[in-house]
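>>> Give me a model of this one.
(chains A, B and C)
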Amino acid sequence: MSAQPFRLASGGLIDRGHQLDFSFDGKSYGGYAGDTLASALLANGVRLVGRSFKYHRPRGFLSAGPEEPNALVELRSGARREPNTRATVVELFAGLDAASQNRWPSLAFDLLSINRLVSPALVAGFYYKTFMWPASFWEKLYEPLIRRAAGLGRAAGAEDPDQYEKAFAFCDLLVIGGGPAGLAAALAAGRSGARVILCDEDFRLGGRLLAEKREIGGKPASEWLAATLAELESLPEVRIVPRTTVFGLYDHGIYGAVERVADHLPEPPAHQPRQRGWRIHAKRAILAAGALERPIVFAGNDRPGVMLAGAVRAYVNRHGVLPGRESVLFTAGDDGWTTARDIAAAGGKIAAIVDSRPADPARKALADKLGARLFAGGAVMGARGGRQLSGVTIRDASGVVTELSCDLLAVSNGWNPTLHLTSHQNGKPAWDETLQCFVPGSLPADLAVAGSAAGRFTLAQALEDGARLGRQAATEAGLAATASEPAPTTDPETTGLSPVWRVSGGKGKAFVDYQNDVTDKDVELAAREGFRPVEHLKRYTTLGMATDQGKTSNLSGLAIMAEQTAKTIPQTGTTTFRPPYTPVAIGALAGHHRGKEFRPVRLAPTHDWSKEQGAVFVESGPWLRAQYYPRPGEADWLTTVNREVKAVRASVGICDVSTLGKIDIQGADAAEFLERVYINGWKALPVGKARYGLMLREDGFVMDDGTTSRLGDSHFLMTTTTANAGKVMQHLEFCHQVLWPELDVRMVSVSEQWAQVAIAGPKARETLRGVVDPEYVLSNEALPYLAARSVTVGGGIQARLFRISFSGELAYELAVPADYGDAMMRALMQAGASFGITPYGTEALGVMRIEKGHVAGNELNGQTTARDLGLGRMMSSKKDFVGRLMAGRQALVEQERPALVGFRPVEPGQRLRAGAHFIGTGQQAVMENDEGYMTSVAYSPHLKHWMGLGLIKGGAARIGERVRAYDPVRNGDVVVEICSPVFVDPEGARLHG
Amino acid sequence: MRYSIFSLLSQTLQGHKGWTPAWRDPAPKPEYDVIIIGGGGHGLATAHYLASRHGISNVAVLEKGYLGSGNVGRNTTIIRSNYLLPGNTPFYELSMKLWEGLEQDLNYNAMVSQRGVLNLYHSDAQRDAFARRGNAMRLAGVDAELLGTEQVRPMLPYLDFDNARFPIQGGLLQRRGGSARHDAVAWGFARAADSRGVDMIQNCEVTGITMAGGRAIGVETSRGPIRAKKIAMAVAGNSSRVAAMAGMRLPIETHVLQAFVSEGLKPLIEGVVTFGAGHFYISQSDKGGLVFGGDIDGYNSYAQRGNLPVIEDVMESAMALWPGLGRVRMLRHWGGVMDMSMDGSPIIDTTPVEGLYLNAGWCYGGFKATPASGFCFAHLIATGQPHPVATAYRLDRFATGRVIDEKGAGAQPNLH
Amino acid sequence: MRITCPHCGARDAQEFSYLGAADPKRPEGMAASEAAMATYVYQRDNPAGVHRELWYHGAGCHAWLVVSRDTRTHAITAVEPAKARKAGATA
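Numbers count the residues shown, from 1 in each chain, chains lettered A, B, ... in the order given. Okay, the predicted model is just below:
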């Protein structure tokens, strides 16, 4: 284990008693609890951590926070590998394993750095201008090369072994950011009893206070911080959530956040998620997210060792790491001087301070005190070094150039408010000429911004804003305000700034967007070529499109474009941000919805019984339905299904149909209501009878079908298809509440309340006799076809019995309260045992309905009319109903519309397939000759050949004609004969038996 | 100036000082033969084909923001011609053919990349529906292959084949489908049209349509009035607003569709994959970002942003399809506003207002249509007749019932 | 988004399903014309601004609601049960 040569002897918010061993690129290092991966690597003198996207330039750490563009690593390994992870925000843990990315074969020696040799040609948008010849080479040669070279880290690919969850929270006040402004806000609101949620992306609360040596109320800020946190923790309605990034603001005060529950551990503990996605509903929110420091564009500004001055302070003060032996400060304002002071206080050497502003005696005195050479009115023109910074070129106020050696260059150019969330609702930031930065513009009604995020950069302002806005939020939430206390005093600070966007004249590339390798020359080229609107600039040069989303680059880019076009920054454009604030793991937003838990599973009330019977289940929308019931020795599903069909047609079978939608409709106008939603008539339907009904959408196409029974004068029970149960319910409610509220009718879904089973086959009546209580007569006369009755079964259990048939056999549907579903199946099995009663599934159901020419989902596909399906005559001409007028439109009544008929293969052994298109025999297989398509097929054990239903131009008029069922995607081309869609028992003798 | 490897090298030697603007920045003239409202993909393509195929170059494209600021710069860049209905298939196939020759036609590399579009199916019924569509494509001369799981698995080994709620059973593959670099499409058309004399006028918002005797004779704009013999609308997302300026109502609702991109990653998938048990599609850009999306949010919106329910739904589908995506980070999401038409298909037609032409209703499928839309719209504007592959896209089809409803969802835009 | 259902209170919009414009009035009866019906079914104002639209509280009280919502900002200014509006009263 190597020592930590850049660790200071003392200081910092690290636990020196708790050493954590970790590895980077296979090499072992030691750090301390409280370190980030970045601070631990810097402590060990590791500064080269990555390679840039396009030119593969060596890169180190620019920042100490979420804005980091350079120090991206692959964290962890195997299926837990996380590419593009910002080392500056990774909390160090024992055994952490990270690797550099986008380099080959190694970080120190990266072959693709030869891109540097051709880099003069690789300017913004070069690819739009070339790779065009020859045309076929793009996919074959150029693009594969580009794809391989592009991209950053490697995703794992294999299944993520960790779990995620979703959580919802509601609060009076959401405080985003746990720095001084956020803490003051949470405290002020919390004291009045408001429900407060305080989220901070860091693992330690305090924000910039952790990185600075400040005083509050005359004492070190750490004391104020500790006291504030202690009080917040004592308030029962305040919830502090560290390691949680509020990434987006959505409509009506809903915030998206992601909590990194276990990212600071080698693996999530048992039963714990890795991350938790939050949806926070906040009455009010205060954005106290602080500010991000801005770099300066000059040649070589990407050399490892060039860092933001505030980041240097964070490493020194928070982590006890001085990331260089010999430092130079390049600053455009007062803030940078703090870094010089803190470096000196930590015992570091400041070789020079380059302040872009004119000479000033006070600054001269301070530089002397720090033992630093001062270049007032100067600039750093260039930084040199390969894998790490070795020196800088400084131009002084008079133009004299000096070369200095150094291994750390701290750059300070003022700060940009972290106002990202304020633009998520289309708010545009406003340019503040005094502050020389964008500040929040128009805000959503319930969002306030405090402290640096609002451009109020001093600690005193942060504390004052927080307290004031926190109190205000509590009052607005209806809580009694606490007495307003004066904000605590702070040590003095000055915020003089005269920003420098770019220093020209240096040798080599000067980067605006580090990660995407966008240079000042690229911005100039964009200006030259007319890509001047800020969005063109971004899209043409890729400025701001990298994983950091331009946090450190957008403003410099805008400033250079402004300079090129002789405009001001606000005239040139604004920097707006889309969510998320920082990238969010897909898993955190998906929660547990994956694998089998992707969507809920609905089970029929007879499911357990079906399972005992050995059913194979099939997904049917949300349902799992029994598809068929294989028996030992059956070769394949078709053998099973054939057996089931034959058993029904020969004796008796039972099949669960509970999944069909069931809607109870009552009221004096119930019959009138049905008249309006169905195409056929209902008023004349006697009590105790069922009728097949077909309903249209208002556009005249078929919506759904089913049988509806009249249980009383003003009481109907409608059934719908399984797939459309919800849709029909919604439609009926629409028809009633929106179209005809004057009708006296009410409806409720009873789909879940009843278990329903079809009992079909010649022995159906005899089987049923065994379960229906003896006082109910089941004879054909007493209970004819389409009868619907209330009965009791099993000795007094309320049930409903419908004599309806999908199979074409003598058949019933028996409904009992859902809890009795299982018992009903067992009772029926017992009652039918002597007839060899056979459970059948949806496949056999499908075979029998095709044999009978009944339409189902494949025909009710939303593109067919009642006429198309041979049901046109059901349409009443005596009443108005939904879809009536639109069904009469010219194109819906044309004779040549494909209409439903049956098909059978001319060669009986040939298999038919749904989805085949019909082409006239001897016709060429082209679109112009397309006559329709096969909607459903099945093998009929009755006919002993395949049969199909389909829609073909001319329909029934062409019965007897032969056409090709053309299925090129499955190499099928079968000659079929058009026939009646009713293949079995066309007279309906079995049905009425 | 012509773009080529030679011009690039020669400019490299000169420090790239000699590149000229990709298009001029002209002031609007008082009158044009044709005004195209909307400098998005379709408007710019229309301008290019008017100038290059019909010799009509006294044309202005009026754009309220910057060129390409509409959906051409906000989509998920997919190109395909895997349509079912005869009103659609030949049109999208023409578009595909135009994509295939686009770079040479425009002298601009829009990175058209035919790495395939695979629609996964998860049930027998879905397989048959896809077979129906694949067969329709084959009949129209479009490539289509129906694959089983055994063929899909080696192509996409990371997908969830073994523990899925809705197991993958196979897919419908169009190998010629793929993607293109969306912004470059807009810029390529703009540059090509500009080179033939078309005026590209940015920051020029149309605020009114000037009528005389029932005829549209010009537009009012934020840069003053401009007259024109013909006025063509290509403002998908805002079609209803512009049509209202001429007193028209359209069979369109404006909805928001969100899209997503991940951080840049080394290559993971080649082509485009769509999930059939939810609404989700994904591909990977040349730069390495996974580009993906799902359903529209489902309510009328002009706000160009969406909400968490759909975002989470998209991520759930992502994880259901490909459980390895859990640690991949979503970098950015955004919304575009679309013209959702009442049957899910577009409109390219004349209007009841003489002199006013309509290109609208692209739903969330406008990007792939860009070349053919411009080609057919230019044909209509120049000849007064619909192009043969766009004859179904008439405005009166809702009254006659000749709707083109691929999904069978009916007159409810948010279901298309 | 959140919609304040008159029966159930402020609920996440996920509990509701959307249909579209609330104001087009269905031409009723046998005398209605095909053209008028086509206009009702297909033509929309589609305003960029306040839109009166129908939402169905399917995961709640099953009420159809008329929601007034600005399509530019998504701000909701009014919610009323569709059933409460008598024919012609609020159109």
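>>> Which residues of chain C lie near chain A?
C:1-2, C:17, C:19, C:22, C:26-30, C:32-34, C:37-38, C:40-41, C:54, C:56, C:58, C:62-64, C:73-74, C:76, C:81-83, C:86-87 (Cβ under 8 Å from any Cβ of the partner chain). Placement of C-beta: from N, CA and C, glycine included.
>>> For the stretch 451-600 of chain A, just list every one of the strands.
Assigned by DSSP state E, counting those that start in this stretch, the stretch 451-600 of chain A shows strands spanning A:511-513, A:518-519, A:584-585.
>>> any idea which of those strands is most buried?
Across the strands of the stretch 451-600 of chain A, the average number of neighbours (mean count of other Cβ atoms under 10 Å in any protein chain shown) peaks for strand A:511-513, which reaches a mean of 30.
>>> Please enumerate the strands of chain C.
C:2-5, C:9-12, C:17-21, C:50-56, C:64-70, C:76-81 (DSSP state E).
>>> wait, which of those strands is closest to A:F903?
Smallest distance to A:F903 across those (Cβ to Cβ): 38.2 Å, for strand C:17-21.
>>> Which elements pack onto that closest one?
Of the remaining helices and strands, those touching strand C:17-21 by 3 or more Cβ pairs under 8 Å, 6 or more residues apart in numbering or on different chains; DSSP states H and E are strand B:289-300, strand C:50-56.
>>> and the next element down the chain from the longest one?
Meaning strand B:289-300. helix B:308-321 (DSSP states H and E).
>>> Report the rounded mean pLDDT for that next one.
For helix B:308-321, the mean pLDDT works out to 97.
>>> likewise stretch A:776-796?
pLDDT averaged over stretch A:776-796 gives 97.
>>> before we move on, back to that, filter the residues of chain C next to chain A to the buried ones?
When the residues of chain C next to chain A are checked for burial by 16 or more other Cβ atoms under 10 Å in any protein chain shown, the buried set is C:1-2, C:17, C:19, C:22, C:26-27, C:34, C:37-38, C:40-41, C:54, C:56, C:58, C:62-64, C:73-74, C:76, C:81-83.
>>> center of chain C - which residue?
C:L54 (2.1 Å; Cα atoms, centre = their mean).
>>> Go ahead and confirm it touches C:G20.
Yes - using Cβ atoms under 8 Å, C:L54 is in contact with C:G20, at 6.4 Å.
>>> Please enumerate the shared neighbours of the two.
Shared contacts of C:L54 and C:G20 (Cβ atoms under 8 Å, 6 or more residues apart in numbering or on different chains): none.
>>> Need the nearest residue in space to B:E253, chain neighbours excluded.
B:P413 (4.4 Å; Cβ to Cβ, 6 or more residues apart in numbering or on different chains).
>>> just A:S100 next, same as before
A:L107 (4.2 Å).
>>> ditto for A:M824
That would be A:V816: by Cβ to Cβ, 6+ apart, it lies 5.0 Å from A:M824.
>>> does that neighbour really touch A:Q753, like I thought?
No - contact criterion Cβ under 8 Å: A:V816 and A:Q753 do not qualify, at 10.1 Å.
>>> Name the residue in the two with the higher neighbour count.
Legend: neighbour count by other Cβ atoms under 10 Å in any protein chain shown for A:V816 and A:Q753, higher for A:V816 (28 against 14).
>>> tell me the SS of that one?
strand (DSSP: H, G, I helix; E, B strand; the rest coil).
>>> What residues are bridge-paired with it?
Judged by DSSP bridges, the bridge partners of A:V816 are A:A755.
>>> can you list the residues of chain C near chain B?
C:1, C:12-14, C:17-21, C:34-35, C:38, C:41-48, C:51, C:53, C:69, C:71-74.
>>> Buried subset of the residues you listed, written for ChimeraX?
The following ChimeraX line selects those of the residues of chain C next to chain B that are buried, judged by 16+ other Cβ under 10 Å:
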select /C:1,12,13,14,17,18,19,20,21,34,38,41,42,43,44,45,46,47,48,51,53,69,71,72,73,74
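>>> How confident was the prediction at A:M1?
For A:M1, pLDDT reads 46.
>>> typo on my end, it should be C:G88
46.
>>> Kindly tell me how buried the residue nearest to A:S100 is, as a neighbour count.
A:L107, neighbours per other Cβ under 10 Å, totals 21.
>>> Over to A:S23?
Around A:S23 there are 13 residues (other Cβ under 10 Å).
>>> Touching, it and A:F93? I think so.
No - A:S23 is not in contact with A:F93 according to Cβ under 8 Å; the separation is 12.0 Å.
>>> tell me what the strand or helix carrying B:D339 is packed against?
Using DSSP H and E, the secondary-structure element containing B:D339 is strand B:329-341. Packing partners of strand B:329-341 (3+ Cβ pairs under 8 Å, 6+ apart): strand A:584-585, helix A:586-590, strand B:252-264, strand B:289-300.
>>> can you tell me how far B:L159 sits from chain A?
Applying Cβ to the nearest Cβ, to the nearest Å, the value for B:L159 to chain A is 10 Å.
>>> Check the secondary structure at that residue for me.
coil.
>>> hang on, it packs against B:G170?
No - B:L159 lies out of contact with B:G170 (Cβ under 8 Å); the separation is 11.9 Å.
>>> between the two, what contacts are shared?
B:L120, B:V152.
>>> residue contacts, the residue in the stretch 151-300 of chain B that chain A sits nearest to?
At 2.9 Å from chain A, B:G288 is the closest residue in the stretch 151-300 of chain B, using Cβ to the nearest Cβ. Neighbouring residues of B:G288 by Cβ under 8 Å, 6+ apart: A:R147, A:A150, A:G151, A:L152, B:G264, B:L265, B:K266, B:P267.
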